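**Student:** here's a sequence, model it:
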Amino acid sequence: MNAPVHLDVGLDGAPFYQPQANEEALFEQAWRHGMPVLIKGPTGCGKTRFVQYMAHRLNLPLYTVACHDDLSAADLVGRHLIGAQGTSALRVGFSALLLLMFWRPWRWKTSRVDAITILRYGLTLGLMNLLFYMALRTIPFGIAVAI
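**Tutor:** Modelled structure (predicted):
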């Protein structure tokens with residue numbers, strides 16, 4: 001979030017805004033009915049100033065976020081990044097728990113050779129998952145989602 005911007009203020013302490021038409025009434029009606037408002041215009045036309053003015057007028061807190069082309073919804077709502085290693089660990093871990101739950105290996109006698117084979121197979125799957133997720137980090141997000 002950006003630092004507060006110091007604006008020209010009127011006598012009542014409100015940020016200065018010169019209405020162009022009936023945008024104040026439209027914004028207020030939308031706010032009262034819980035409707036979203038899209039304010040679109042070129043840089044410097046007064047969009048931010050208008051929202052600051054309306055937040056003051058409606059006695060609402062205002063938080064500003066500097067947006068850019070690479071900004072995504074995940075950047076705005078927050079996200080936990082666990083990376084390729086964490087994703088692989090979760091995938092293999094959940095799979096192992098499901099196998100334990102449904103297959104119940106303690107009911108079957110397993111020889112030492114079979115146990116080593118199963119362990120190698122599990123490690124191979126885990127390594128394959130890890131390498132796959134590490135490879136996905138190197139390509140654009142849209143393509144990675146499509147894969």
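
**Student:** return the set of buried residues in stretch 92-110.
**Tutor:** Applying a neighbour-count criterion of 16 or more other C-beta atoms under 10 Å, one finds residue 92 buried in stretch 92-110. Placement of C-beta: from N, CA and C, glycine included.

**Student:** host element of residue 18?
**Tutor:** Using DSSP states H and E, residue 18 sits in no helix or strand.

**Student:** and the pLDDT for it?
**Tutor:** Residue 18 is assigned a pLDDT of 87 by the prediction.

**Student:** for residue 53, see how far away it is.
**Tutor:** According to C-beta to C-beta, to the nearest Å, residue 18 and residue 53 sit 10 Å apart.

**Student:** compare these two (neighbour count), which wins?
**Tutor:** Comparing residue 18 with residue 53 by neighbour count (other C-beta atoms under 10 Å), the higher total belongs to residue 53, at 23 against 8.

**Student:** what's next to the helix or strand hosting that one, contact-wise?
**Tutor:** Using DSSP H and E, residue 53 sits in helix 47-57. Applying C-beta atoms under 8 Å, 6 or more residues apart in numbering, the contact partners of helix 47-57 are 5, 7, 13-17, 23-24, 27-28, 31, 39-41, 61-62, 64.

**Student:** same check on stretch 129-147?
**Tutor:** The contact list for stretch 129-147, computed with C-beta under 8 Å, 6+ apart, reads 83, 84, 85, 87, 88, 91, 92.

**Student:** ok, of the residues you listed, which come out buried?
**Tutor:** The neighbour-count test (16+ other C-beta under 10 Å) marks 84, 87, 88, 91, 92 as buried among these.
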